[in-house]
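Undergrad: give me the fold of what follows.
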Amino acid sequence: MNNLIIASAEIPLLSDIVVIFGLATLVILLFMRLKVPTIIGFLFTGALAGPYGLSLVNASTAVEVLSEVGVILLLFVIGMEFSLKSLLSIKKAVFIGGSLQVVLTIAATTLLTYSFGFDWNVAVFFGFLFALSSTAIVLKMLQESGQVNTIPGRTTLAILIFQDIIIVPLMLFTPMLAGESDNIALSLLYMAIKGAVVIVFTIISAKYIMPQLLFRITKTRNEELFLLCIILTCFAVAYLTSLLGLSLGLGAFLAGLIISESDYSHHATGKILPFREIFLSFFFVSVGMLFDITFLWEHIVIILALTLLTFGVKFLMVVLSVKAIGQGYKEAFMVAFSIFQVGEFSLLLAKEGVKYELLDPETYQYFLAISILTMTVTPFVLKKRENLACGVLNLPLPNRFASRLNKSDEIQNISLDEESLKDHLVIIGYGLNGRNLSKAAKSANIPYTIIETNPETVREEASKGEPIIFGDAANEAVLEHVYIHKARVAVIAISNPEATKNIISSIRHITQNPYIIVRTRYLGEMEANINLGANEVIPEEFETSIEIFTRVLSKYLIPKHDIDEFTLKVRSDNYEMFRSLSPEGGSKFKIDLPHINFVSLKIEKDNSQILDKTIREAKIREKFGVNIVAIKKGSKTISEITGNEKLKLGDVVYVVGTPEALENFEEEVEII
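TA: Numbering: from 1, shown residues only. The predicted structure follows:
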């Protein structure tokens, strides 16, 4: 006991870690039962444990350091899942979309703040604060939902990358706004040179250095060395960028890009993820610790009004920026619903504002309250962003505005032959599954049409002659355009569970005719989709299990008819075998396993009982209990075996028998 007290005294952070994780476990357990995102649980934990709550945590500075590590690891993982090629493909979104979003938000916020009576320099500083969004929350949510590589996801990532870059000059401008006399132009020039150096270093490392280094390390088969190299790369590049005056987060992202160009990025991601989750939890807790709940309740009306104003301004500026780079209104709305919040780097910048007296204590608390409220609602809004975007598009606006709003999102005028679209197949979503399905339909001469929301994909595939249209399949007008009421089958092959439900509802509102097949990621989505009108739901997690097990059965020489009957039984029972808590599983289907196997063996031993004798003379079947069904001599394979075939050194024999007999025969012919 005394040793524990001494250890706690020597390591003050130890008791705080116990308090944070203990409290977070209870809070998140409760929040999960209420189906509230875990991010909110960590924010609530910080508010309870912080100085404005129960004051349970003392080492708040150390917690902030750990939280910074979490943000670094988050951006590092995002970088590993991206690539230089992918980044170059969105350079327009990064530099044009990102710069427009930041400039427009700063300008709009400055005008509003100045109109409220603040000095112009303070108003500009508020523009700096509200121009940034939460990289940690948004990218974590997009990553968990698998939306990073969608068009809105990539655009969101692009704007967040630019925000991480722009934080550096914003921090340089802050002292100037406070009346400091630093030569800001010269500092920005130096920063541009340093940034160019870092980019060149990243490209060279990604193309030439890191792949060779990781190859040599993986050859050692030492997992500890591999993990050490990955972590060293992350923090070394982040430290390098910090020395050059750039943000740690930007350096971590570039480090991830360096590793992403190697063949080991997926393995590295799996190694880093547990560390990222632990340290990232400190970030959300540290943000929650800044929250003064008493101040919130005392000024709740003003804070809510300012929060709504923040949402409105940022939403509008993001929409204008995304539209300026040529994307549709739906994509613009989805991006706006993703990055409307105030970000973690804004909190860092706000501290600089307090330091230079650009923010007084009361204004600082207002800003903190608005920031944390927008962060708190972000997970809820981001999960529904596609539905919200469609809702905005479908608002009953005057014709003048409605026509302009839908101009870029209208159905492309592709001629669909009504005569051929009878008893046809409707494919919704043209990802990997949709593409494969269309190829199969074409080869089987089944008439089909495709609905896709990616305008670039639609344009490219339409030019190849595919019967594809642009549109949201939840929109009944789009469904009617593909004659859904005449279709025999509709396959929904998209990854968004909420959009899938909306599409099923729209189809069933129009017609009961088509047989609806839905692809989902998880079993938990089956019941809701079936209740809405889907006829068959195929969860990927269990279909993979079925495919693996059917291949296992084939290796046990089970007849194909029995394997097909087994898979049909599993599916007809709604995968009860896999869902059942019983060790025997839910399915009672029985398979008789034959006690024989089929192997290939190479004759390597100079065995006088076998070599240079015919199979009949060697009495293979009588002595060893196996049957030779084929022999490969060099490049020639003999499949019609007679008792007169002679076995030579180096021949490969294909043998059937019991596992015990095959093992004994292997000892006679192979060098083990």
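
Undergrad: count the neighbours of the spatially closest residue to residue 342 that is not a sequence neighbour for me.
TA: Nearest residue to residue 342, sequence neighbours excluded (C-beta to C-beta, 6 or more residues apart in numbering): residue 371, at 4.0 Å. From N, CA and C alone the C-beta is placed, and that goes for glycine too. Residues near residue 371, counting by other C-beta atoms under 10 Å, number 26.

Undergrad: so where's the stretch 51-200 of the chain uncertain?
TA: For the stretch 51-200 of the chain, the stretches with pLDDT under 70 are 59-60, 81-89, 146, 149, 168, 172, 180-188, 191.

Undergrad: now do the helices in it.
TA: According to DSSP state H, counting those that start in this stretch, the stretch 51-200 of the chain carries its helices in the segments 60-81, 84-89, 91-92, 98-115, 120-131, 135-144, 151-177, 184-204.

Undergrad: what packs against the fifth one?
TA: So the one you mean is helix 120-131. Packing contacts for helix 120-131, counted by 3 or more C-beta pairs under 8 Å, 6 or more residues apart in numbering; DSSP states H and E, involve helix 98-115, helix 151-177, helix 300-324, helix 344-355.

Undergrad: quick one, phi psi at residue 637?
TA: Phi and psi for residue 637, reported as degrees, to the nearest 10, are phi -110, psi 130.

Undergrad: residue 464 now?
TA: Dihedral angles for residue 464 - degrees, to the nearest 10 - are phi -90, psi 0.

Undergrad: what about it, neighbour count?
TA: Neighbour count for residue 464, taken as other C-beta under 10 Å: 7.

Undergrad: same check on the one 4 residues further on?
TA: Per other C-beta under 10 Å, the neighbour tally for residue 468 reads 25.

Undergrad: what stretches of the stretch 251-400 of the chain score poorly on pLDDT?
TA: Low-confidence segments of the stretch 251-400 of the chain (pLDDT under 70): 395-400.

Undergrad: which residues does residue 66 contact?
TA: With contact set as C-beta atoms under 8 Å, 6 or more residues apart in numbering, residue 66 has these partners: 279, 282, 286.

Undergrad: which non-adjacent residue is nearest the last one?
TA: For residue 286, ignoring the flanking residues on the chain, the nearest one in space by C-beta to C-beta, 6+ apart is residue 67 at 4.1 Å.

Undergrad: any chance of TSV for the helices and strands packed on helix 120-131, columns distance to residue 269 and mean neighbour count?
TA: Shown next, in TSV, are those (distance: least, C-beta to C-beta, whole Å; neighbours: other C-beta atoms under 10 Å):
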stretch	distance to residue 269	mean neighbour count
helix 98-115	25	19
helix 151-177	16	22
helix 300-324	28	18
helix 344-355	22	19
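
Undergrad: looking at the helices of the stretch 51-200 of the chain, which is nearest to residue 365?
TA: helix 120-131 (13.6 Å; C-beta to C-beta).

Undergrad: tell me how far the helix or strand residue 434 falls within is from the chain's mean position?
TA: According to DSSP states H and E, residue 434 maps onto helix 432-443. Relative to its chain's centre, helix 432-443 lies at 25 Å (C-alpha atoms, centre = their mean, to the nearest Å).

Undergrad: also stretch 90-105?
TA: Taking C-alpha atoms, centre = their mean, one finds the center of stretch 90-105 at 23 Å from the center of the full chain.

Undergrad: ok, now stretch 46-54?
TA: Stretch 46-54 sits 32 Å away from the centroid of its parent chain (C-alpha atoms, centre = their mean).

Undergrad: list the buried ones in that stretch?
TA: Within stretch 46-54, the residues scored as buried using 16 or more other C-beta atoms under 10 Å are 46-50, 52-53.

Undergrad: repeat that for stretch 65-80.
TA: 66-80.

Undergrad: same deal with stretch 645-659?
TA: Across stretch 645-659, burial judged by 16+ other C-beta under 10 Å covers 645, 647, 651, 653-657.

Undergrad: for that stretch, C-alpha coordinates in PDB please.
TA: Extracted C-alpha coordinates of stretch 645-659, given in PDB (Å, rounded to 0.1, in the frame of the first residue of the first chain):
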ATOM      1  CA  GLU A 645       3.000 -47.700 -65.000                       C
ATOM      2  CA  LYS A 646       6.500 -47.500 -63.500                       C
ATOM      3  CA  LEU A 647       7.400 -45.000 -60.800                       C
ATOM      4  CA  LYS A 648      10.700 -43.000 -61.200                       C
ATOM      5  CA  LEU A 649      12.600 -40.700 -58.900                       C
ATOM      6  CA  GLY A 650      11.200 -37.200 -59.200                       C
ATOM      7  CA  ASP A 651       7.700 -38.300 -60.200                       C
ATOM      8  CA  VAL A 652       4.800 -36.600 -58.500                       C
ATOM      9  CA  VAL A 653       2.000 -39.000 -57.600                       C
ATOM     10  CA  TYR A 654      -1.600 -38.000 -56.800                       C
ATOM     11  CA  VAL A 655      -2.900 -40.400 -54.100                       C
ATOM     12  CA  VAL A 656      -6.200 -41.100 -52.400                       C
ATOM     13  CA  GLY A 657      -6.500 -42.800 -49.000                       C
ATOM     14  CA  THR A 658      -7.100 -42.500 -45.300                       C
ATOM     15  CA  PRO A 659      -5.100 -39.900 -43.500                       C
END
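
Undergrad: how about the contacts of residue 66 in TSV, adding secondary structure?
TA: Putting the contacts of residue 66 into TSV (DSSP: H, G, I helix; E, B strand; the rest coil) gives the following:
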residue	secondary structure
279	helix
282	helix
286	helix
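
Undergrad: does the residue nearest to residue 342 count as helix, strand or coil?
TA: Following three-state DSSP, we place residue 371 in the helix state.

Undergrad: with the buried residues of stretch 46-54 in mind, which one is nearest to residue 194?
TA: Of all these, residue 46 has the smallest distance to residue 194: 34.2 Å, by C-beta to C-beta.

Undergrad: mind listing what the closest one touches?
TA: So residue 46 contacts 284-291 (C-beta under 8 Å, 6+ apart).

Undergrad: tell me which of the residues you listed is nearest to residue 610?
TA: For the contacts of residue 46, the closest approach to residue 610 (C-beta to C-beta) belongs to residue 284, at 69.9 Å.

Undergrad: burial count for the closest one?
TA: For residue 284, the neighbour count with other C-beta under 10 Å is 26.

Undergrad: and it, what does it touch?
TA: Residue 284 touches 39, 42-43, 45-46, 67, 136-137, counting by C-beta under 8 Å, 6+ apart.

Undergrad: out of these, grab the one that's most surrounded.
TA: Among those, the one with the most neighbours (other C-beta under 10 Å) is residue 46, at 31 neighbours.

Undergrad: help me confirm that that one is found in a helix?
TA: Yes: Residue 46 forms part of a helix when assessed by three-state DSSP.

Undergrad: ok, now how distant is it from residue 288?
TA: Residue 46 sits 2 Å away from residue 288, going by C-beta to C-beta, to the nearest Å.
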